[in-house]
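> next come a sequence and a model predicted from it.
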Amino acid sequence: MSEQVDKKSAMSEEELQDLVAEADTGARSPGGIPRKVLLGVAAAWSLFQLWIASPLPFMVGFGVFNDTETRSIHLAFAVFLAFLGYPALKRSPRHYIPLQDWIMAAVGAFCAGYLFLFYNELSQRPGAPNTQDVIVACVGMVLLLEATRRALGPPLMVMAMLFLGYTFAGPYMPGIIAHKGASLNAVVNHQWITTEGVFGIALGVSTSFVFLFVLFGALLDKAGAGNYFIKVAFSMLGHMRGGPAKAAVVASGLTGLISGSSIANVVTTGTFTIPMMKRVGFSAEKAGAVEVASSVNGQIMPPVMGAAAFLMVEYVGISYLEVIKHAFVPAIISYIALVYIVHLEALKANMQGLPKPGVIKPWLQRIIGTLFGFIATAILAMAVYYGIGWLKPALGDAATWVISLLLAVVYVALVWVGSRYPVLELDDPNAPVVQLPETKPTVMSGLHFILPVIVLVWCLMVERLSPGLSAFWATMLMVFILLTQRPLFALFRGEGHFGAAIRHGYDDLVEGLIAGARNMIGIGIATATAGIIVGAVSQTGVGLVLADLVEILSLGNILLMLILTAVLSLILGMGLPTTANYIVVSSLLAPVIVTLGEQSGLIVPLIAVHLFVFFFGIMADVTPPVGLASFAAAAISGGDPIRTGVVAFVYSLRTAILPFLFIYNTDLLLINVDWVHGIVIFVVATVAMLLFAAAMQGYFFARSRFYESILLMLIAFTLFRPGFWMDMISPPYQELAPTELMAEADKLAPGTEIRLHIDGTDEVGKPRSFVAVLPMGDGATGEERLTNTGLEVLEEDGKLLVDNVAFGSAAQKAGLAFDQSIHGVLLPLDQPRKEWLWIPAFLVLALIVKLQRARLGRETAPAAA
């Protein structure tokens with residue numbers, strides 16, 4: 001009876017696609033010539049992005065644009081498609097485009113493209129906009145805000161308007177947030193004519209990197225990789241306890257590699273996974289919550305990370321590979337923990353898996369087979385790595401062509417292998433009987449889909465190409481696959497209809513180009529509008545004001561500051577897309593956290609702060625009452641959306657706890673960690689997160705007593721942050737009076753890091769206190785070692801003053817400057833390794849395991865008898 005109710009209340013496939021369209025690609029679907037214009041412009045946008053990313057413009061000497069021009073054209077496409085694709089109101093027509101929308105689309109595209117069309121004229125009058133510039137900028141800002149409202153909803157538009165209003169109304173604001181204000185010409189020039197506002201870094205990242213990765217994902221999905229990933233996950237995990245839910249987590253993680261949208265992830269995998277989860281015993285709300293938690297986490301999974309990875313490259317000033325390295329461990333740990341949560345839910349409810357064809361191998365045989373697969377893959381990877389490393393110097397300029405030919409041969413061979421197995425058809429999730437696909441045929445049928453991902457990773461990791469160029473070559477391989485896979489399958493299977501297969505492949509390519517562009521409308525608009533906020537922050541100096549305000553609210557406490565930041569990220573994320581939320585919060589609060597950390601003696605790397613903000617930004621897609629992903633999942637499951645969101649939030653607490661942990665323990669981000677230590681950290685942190693999940697679920701080997709859950713929490717905390725307890729047992733630093741520094745310097749070896757409590761002023765003359773970390777230089781005596789840091793000090797009236805700081809020295813890099821006062825010195829002490837505290841933690845864990853297994857044995861004994 002309840003299943004019938006669920007089916008009746010669940011949305012149809014067409015309604016679900018409309019839900020995705022409203023959120024991601026535009027809900028309007030006109031016919032006739034308007035449809036051709038809409039789709040044609042979308043395809044043209046994708047082709048333009050491929051053109052500017054390729055080496056061709058430089059080879060032929062045509063179509064070479066600078067960064068400002070490409071951003072202008074990029075935004076013109078986004079605005080034009082936003083007005084054509086998104087209706088003004090819910091009651092507005094969906095099946096045709098009103099005249100006013102055509103006019104706004106054309107005018108908006110002209111205003112956005114103004115920097116490209118009049119680039120030479122604008123470059124001759126920098127900082128002095130004329131009347132035409134002002135009119136175009138004002139109209140463009142209004143139309144951009146309207147496009148934002150249509151594509152992303154009112155919140156981002158309202159926030160941008162508030163910051164614009166604040167820019168003009170500075171003199172009339174209360175004392176703490178007042179500023180001198182700005183004229184219309186100054187705002188126009190800053191926000192629209194230069195690259196400080198709308199056409200700033202965020203839009204530049206959208207233009208250079210994000211579009212190509214989104215297009216790559218759209219083409220991969222159009223080729224059938226999305227369905228392949230889902231089937232592979234189900235064939236491997238579906239027979240386990242709660243197997244469909246575990247498969248949903250893995251499938252959503254794989255889909256998240258090629259998609260930057262939580263809602264699209266939910267609908268793509270959820271239409272298949274949620275009914276299966278319900279079939280093995282999950283309630284509608286829990287099935288939807290598992291899908292939401294796993295789909296939203298797809299955005300923290302490298303390499304795409306919902307476009308935030310590319311923004312971090314620009315904002316933090318580190319390479320793309322560094323961002324991926326720092327984000328990888330938390331993302332993997334979070335997914336492993338979600339699989340474990342699903343397992344615990346299945347244990348609590350005594351769920352079973354779905355029937356699997358064939359004989360299920362013993363677990364030892366499966367482990368040996370998996371290990372053999374890993375070893376074979378590693379040997380193959382090494383052979384490819386060293387083989388190509390040998391080919392490149394041996395063949396010189398011809399190496400590229402030879403490697404391309406070898407890649408083509410491998411691709412054809414994988415398609416031939418796939419053609420020996422049945423086609424992976426899309427299943428009907430509402431079918432009465434569900435039997436899992438066999439693992440081997442499923443895996444073998446789509447191995448060629450892995451090649452583009454390998455090419456992408458190879459270009460990024462080995463060739464060290466830029467993210468944009470890496471995505472370009474991977475996308476070009478996807479174009480080749482889309483055009484050839486159907487004809488090759490038809491040839492190898494002897495199906496005939498070769499011409500129809502070629503036409504079908506061409507249609508797939510065009511549809512993929514269109515889908516990629518339409519998926520980018522919201523991101524392009526969001527990055528441009530977030531640029532208004534960033535521009536207002538830089539023009540008004542509100543960032544410094546906000547820093548003071550947040551410091552007052554947090555009472556200078558870094559933990560309270562992090563909690564405030566997390567709450568603000570969640571609140572903003574309820575109405576802003578992830579990318580815009582990340583841009584806004586990181587621009588406003590990332591520097592504040594770093595500054596407060598310095599004042600309290602906690603040196604917080606900037607990448608840790610940006611990842612902290614990003615993790616909480618994506619949580620807003622889960623959190624009621626506005627979590628859009630939860631509403632999408634509830635629409636599929638037929639469950640209550642608020643309850644679905646609440647359960648999904650509980651499941652996502654493991655994601656919420658990670659940012660706090662890696663702020664205090666940057667080892668989790670693999671910062672200054674060698675690979676051996678990195679493996680140990682990964683294993684221990686994974687165990688800690690599983691114990692945290694078990695404590696939250698109240699179930700480990702058996703249902704936990706309340707004190708067992710508390711102990712599991714403490715053990716998890718100890719494994720994550722053993723230094724917290726070690727600092728209590730053995731202080732890490734000895735505090736000295738400043739005047740004792742010179743006397744103690746003789747005892748400090750070169751490279752020893754000392755901490756100095758500094759009083760001084762910032763760049764605008766305001767008092768500032770912070771902690772500087774200074775590594776001792778080389779030298780025979782302590783005085784020489786201190787001098788070789790670039791620091792000269794002067795003792796005066798019992799105080800130690802900074803007398804001089806050498807340019808480019810370690811002292812200058814630490815933030816030291818002339819006339820600062822050193823009011824405290826911390827020297828490092830020999831402290832036992834913090835990892836020793838893992839031993840008592842594991843002993844307590846062993847005790848809990850013994851207690852629970854004994855209790856489980858007593859509970860199951862009568863049933864066995």
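Thanks, I have the structure now.

> quick check: Ala151 vs Arg28, distance?
With the distance defined as CB to CB, to the nearest Å, Ala151 ends up 11 Å from Arg28. No exception for glycine: its C-beta is placed from N, CA and C like everyone else's.

> those two: which has the busier surroundings?
Ala151 (29 against 23; other CB atoms under 10 Å).

> I'd assumed that one was in a helix, is it?
Yes: checked against DSSP: H, G, I helix; E, B strand; the rest coil, Ala151 lies within a helix.

> below-threshold pLDDT in the stretch 151-300 of the chain: ranges please.
Counting by pLDDT under 70, the stretch 151-300 of the chain shows low-confidence ranges at 256-262, 264, 268.

> follow-up on the earlier one: joint contacts of Ala151 and Arg28?
Tyr86 (CB atoms under 8 Å, 6 or more residues apart in numbering).

> so what's Trp480 up against?
No Trp there; residue 480 is Phe. Phe480 is in contact with Tyr411, counting by CB under 8 Å, 6+ apart.

> can you map out the strands along this protein?
Applying DSSP state E to the chain gives strands spanning 733-736, 753-761, 767-775, 791-796, 799-805, 821-828.

> please enumerate the helices of the stretch 551-700 of the chain.
According to DSSP state H, counting those that start in this stretch, the stretch 551-700 of the chain carries its helices in the segments 558-573, 578-600, 606-619, 628-637, 641-651, 653-664, 675-697.

> for the second one, packing partners?
What that stands for is helix 578-600. Identification of packing neighbours for helix 578-600 by 3 or more CB pairs under 8 Å, 6 or more residues apart in numbering; DSSP states H and E yields helix 308-316, helix 498-540, helix 542-554, helix 558-573, helix 606-619, strand 767-775.

> how about it: buried residues?
Buried residues in helix 578-600, counted by 16 or more other CB atoms under 10 Å: 578-600.

> and the first one, by the same measure?
By neighbour count on 16+ other CB under 10 Å, the buried set for helix 558-573 is 558, 561-562, 564-566, 568-573.

> which one of these is nearest Gly522?
Closest approach to Gly522 among those (CB to CB): Gly573, at 14.5 Å.

> using CSV, list the CA coordinates for stretch 522-542.
C-alpha atoms of stretch 522-542 as CSV (Å, rounded to 0.1, in the frame of the first residue of the first chain):
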residue,chain,number,x,y,z
GLY,A,522,24.0,29.4,-14.6
ILE,A,523,27.7,29.2,-13.8
GLY,A,524,28.6,32.0,-16.3
ILE,A,525,25.9,34.3,-14.9
ALA,A,526,26.8,33.4,-11.2
THR,A,527,30.5,34.2,-11.6
ALA,A,528,29.7,37.5,-13.3
THR,A,529,27.2,38.6,-10.7
ALA,A,530,29.5,37.4,-7.8
GLY,A,531,32.0,39.7,-9.5
ILE,A,532,29.8,42.7,-8.6
ILE,A,533,30.1,41.7,-4.9
VAL,A,534,33.8,41.2,-5.1
GLY,A,535,34.2,44.5,-7.0
ALA,A,536,32.1,46.3,-4.3
VAL,A,537,34.3,44.8,-1.6
SER,A,538,37.5,46.0,-3.2
GLN,A,539,36.1,49.5,-4.0
THR,A,540,34.6,50.2,-0.6
GLY,A,541,37.1,48.4,1.7
VAL,A,542,34.2,46.7,3.4
